[in-house]
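> structure of the sequence below:
(one chain, ligands or ions: 2)
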Amino acid sequence: MSITILKGAIVSAPALGRLETTEGGYLVAENGKIAGVFPVLPERYAGAPVEDYGDALILQSLADLHLHAPQYPMLGMGMDLPLLDWLNAYTFPTEARFADPCYARTVYRQLARELIENGTTRVCMFSSLHREATLILMEELEKAGVTGYVGKVNMDRNAIPALQEETEESMRETLRWLEECQNFRLVKPILTPRFTPSCTNDLMAFLGKLAAERNLPIQSHLSENTGEIAWVKDLHPDCGQYWETYQKYGLWNNRTLMAHCVWSDQRERTAMRTAGVTVVHCADSNQNICSGTAPVRAMLNEGVNVALGSDIAGGDHLNMFDVVAASIRASKARRILDGWETDFLTVAEGWFLGTSAGAAFFEASPGFAPGNMLHAVVVDDGGLPQPHSLTPAERLERCVYRRQKNAVQAVWSEGKRVFSNT
Ligand code: GUN
Ligand code: FE
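Numbering: from 1, shown residues only. Ligands and ions are numbered 1, 2, ... in the order given. All right, here's what the predicted structure looks like:
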């Protein structure tokens, strides 16, 4: 049996708003699976090698449940248009470049490395519509140690000639992609109708049937922008609300991720809670392309599952520490807009959403629960000046908002060390 023992200031998020801290503690994994967090090393591990990180923080690694891999090259660009114009002007032409496998290889290798270096070990990711580039993305993530789901995007209408499929072609390529990606161990397929305006009814029906037959998860976009919502209403006059366009085709269940949900009212939120759909909150993107400010507190109060996404390149930060900070800031904007009746997200709550809530989509228990595979990040903050001696919770707060150069010391994903800067 292989034993991993990490020693340091261990901080985890076992429940929304709660942090558990063990300074000078031991995080132990047996064969990559967490056995526990201990203030004193149990006798049975005596003699096993201890990786001593001194006073550094040992945190859960982060989960990015919504990002667009082929938009990585345009990260930090083109934020002057609202969603639908932004897609046509910048996003679709950028994604069209991934018809070239060599280009895809170079970009995706860099993306996978940057994710790991920032402590993101779980993802749910959109590729482009290209089957070959999608397989390359899965390969590069797996090599780097990023785990999770990747979707070949389906889009057979309302795009640009360089980035659109015929309906039959989209179906055929999806089936072929599912055949060809069976041997990946850590990266699995997720069905990905881009959003309702991008998919004909025939394609939506095909994907819903496929999800049921093969028990596949589903990811898409929902109620991000008011122009988009009006368009969906025109496309599906029979559906009372946007979410019903997914439900109608079997794309609405407890393995469904819906990004944004900025304008989801109580009725739409109830439909999410009832079905067990997970909302992926993308605070940076919602602000950058002027979509709005999602009612995250209302979702949490109502018992809707919420996780976080960077949504690059609508979002301008790939680093999930920054995304946690952006979510907290967005919740404060919402509080201001709602007339101060809405509580903002605390740091502990934001941290839970970026770690445990995302990991829950992969059936991991919250925090460093025994039985979870080891997903952890070691962060050094010893080089920053301090106003006083900081508690572990204060140190985590500062890591969310500000990190020193090369702060990430080491990263574990699915039980294996995948990064070390020493
Ligand atoms: N809706 C459909 N496609 C996209 C996309 O690429 N980014 C965002 N933010 N919203 C979308
Ligand atoms: Fe998106």
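
> tell me the secondary structure at the residue of the stretch 101-250 of the chain found nearest ligand 2.
Nearest residue of the stretch 101-250 of the chain to ligand 2: residue 221, at 5.5 Å (Cβ to the ion). (Glycine included, C-beta is placed from N, CA and C.) Of the three states, residue 221 takes strand according to DSSP: H, G, I helix; E, B strand; the rest coil.

> once you drop chain neighbours, what's closest to it?
residue 195 (4.0 Å; Cβ to Cβ, 6 or more residues apart in numbering).

> can you tell me which residues contact residue 295?
264, 269, 334, 342 (Cβ atoms under 8 Å, 6 or more residues apart in numbering).

> make it 6 Å
Contact analysis of residue 295 by Cβ atoms under 6 Å, 6 or more residues apart in numbering lists nothing.

> again with residue 379
Residue 379 neighbours (Cβ under 6 Å, 6+ apart): 57, 399, 407-408.

> can you check residue 22 too?
By Cβ under 6 Å, 6+ apart, residue 22 lies in contact with 10, 37, 39.

> per-residue pLDDT, it?
Residue 22 is assigned 98 on the pLDDT scale.

> restricting to C-alpha, output the helix or strand residue 204 falls within in PDB.
Applying DSSP states H and E as the criterion places residue 204 in helix 201-214. Only the C-alpha atoms of helix 201-214 are listed here, as PDB (Å, rounded to 0.1, in the frame of the first residue of the first chain):
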ATOM      1  CA  ASN A 201     -34.800  20.400 -32.100                       C
ATOM      2  CA  ASP A 202     -33.600  17.200 -33.800                       C
ATOM      3  CA  LEU A 203     -30.200  17.600 -32.400                       C
ATOM      4  CA  MET A 204     -31.500  18.400 -28.900                       C
ATOM      5  CA  ALA A 205     -33.700  15.300 -29.000                       C
ATOM      6  CA  PHE A 206     -30.800  13.100 -30.200                       C
ATOM      7  CA  LEU A 207     -28.600  14.300 -27.300                       C
ATOM      8  CA  GLY A 208     -31.300  13.800 -24.700                       C
ATOM      9  CA  LYS A 209     -31.800  10.300 -25.900                       C
ATOM     10  CA  LEU A 210     -28.100   9.600 -25.900                       C
ATOM     11  CA  ALA A 211     -27.800  11.000 -22.300                       C
ATOM     12  CA  ALA A 212     -30.500   8.600 -21.100                       C
ATOM     13  CA  GLU A 213     -29.200   5.600 -23.100                       C
ATOM     14  CA  ARG A 214     -25.600   5.900 -22.000                       C
END
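
> I would like the residues contacting it, please.
Counting by Cβ under 6 Å, 6+ apart, 154, 156, 167, 170-171, 191, 193, 218, 249-251 sit against helix 201-214.

> returning to that earlier point: okay, the residue nearest to residue 221 and residue 27: tell me how far apart.
40 Å (Cβ to Cβ, to the nearest Å).

> hey, C-alpha coordinates of the helix or strand encompassing residue 179 in CSV?
Element membership for residue 179 (DSSP H and E) is helix 167-180. Provided in CSV are the C-alpha atoms of helix 167-180 (Å, rounded to 0.1, in the frame of the first residue of the first chain):
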residue,chain,number,x,y,z
THR,A,167,-27.3,18.1,-38.0
GLU,A,168,-26.4,14.6,-39.2
GLU,A,169,-22.7,15.4,-39.0
SER,A,170,-23.0,16.6,-35.4
MET,A,171,-24.7,13.4,-34.4
ARG,A,172,-22.2,11.2,-36.2
GLU,A,173,-19.2,13.1,-34.9
THR,A,174,-20.6,12.9,-31.3
LEU,A,175,-21.0,9.1,-31.6
ARG,A,176,-17.5,8.7,-33.0
TRP,A,177,-16.0,10.9,-30.3
LEU,A,178,-17.7,8.8,-27.6
GLU,A,179,-16.2,5.7,-29.2
GLU,A,180,-12.7,7.3,-29.4
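
> following element in sequence after it, please.
Heading C-terminal from helix 167-180 (DSSP H and E), you reach strand 187-189.

> what separates that next one from the chain centre, distance-wise?
Offset of strand 187-189 from its chain centre (Cα atoms, centre = their mean, to the nearest Å): 14 Å.

> repeat for stretch 303-316
6 Å.

> burial count for residue 84?
As a burial measure, residue 84 scores 16 neighbours (other Cβ atoms under 10 Å).

> quick one: secondary structure of the nearest residue to it once chain neighbours are set aside?
If the residues on either side of it in the chain are set aside, residue 84 comes closest to residue 227, at 5.5 Å by Cβ to Cβ, 6+ apart. Following three-state DSSP, residue 227 is assigned to helix.

> how many residues are close by residue 227?
13.

> which pLDDT value goes with it?
On the pLDDT scale, residue 227 is placed at 98.

> near ligand 2, which residues of this structure?
With Cβ under 5 Å from the ion as the criterion, the chain meets ligand 2 at residues 259, 311.

> give me the contacts around the helix or strand encompassing residue 59.
According to DSSP H and E, residue 59 maps onto strand 51-60. With Cβ under 6 Å, 6+ apart as the test, strand 51-60 has contacts from 6-12, 27, 355, 376-380, 395, 409.

> out of the residues you listed, who's nearest ligand 1?
residue 355 (22.7 Å; Cβ to the nearest ligand atom).

> how many other residues sit next to the residue of the chain found nearest ligand 1?
In the chain, the residue that lies nearest ligand 1 is residue 314 (3.6 Å; Cβ to the nearest ligand atom). Around residue 314 there are 31 other residues, counting by other Cβ under 10 Å.

> ignoring the adjacent residues along the chain, who's closest to it?
In space, residue 314 is closest to residue 285, 3.2 Å off (Cβ to Cβ, 6+ apart).

> which of the contacts of residue 379 lies closest to residue 368?
Minimum distance to residue 368 across those is 12.7 Å, recorded for residue 57 (Cβ to Cβ).

> so that closest one bridges to which residues?
residue 9, residue 379 (DSSP bridges).

> quick one, grab the pLDDT at it.
Note for residue 57: predicted pLDDT of 98.

> for residue 135, same thing?
Residue 135 is given a pLDDT of 99.

> that'll do, ta.
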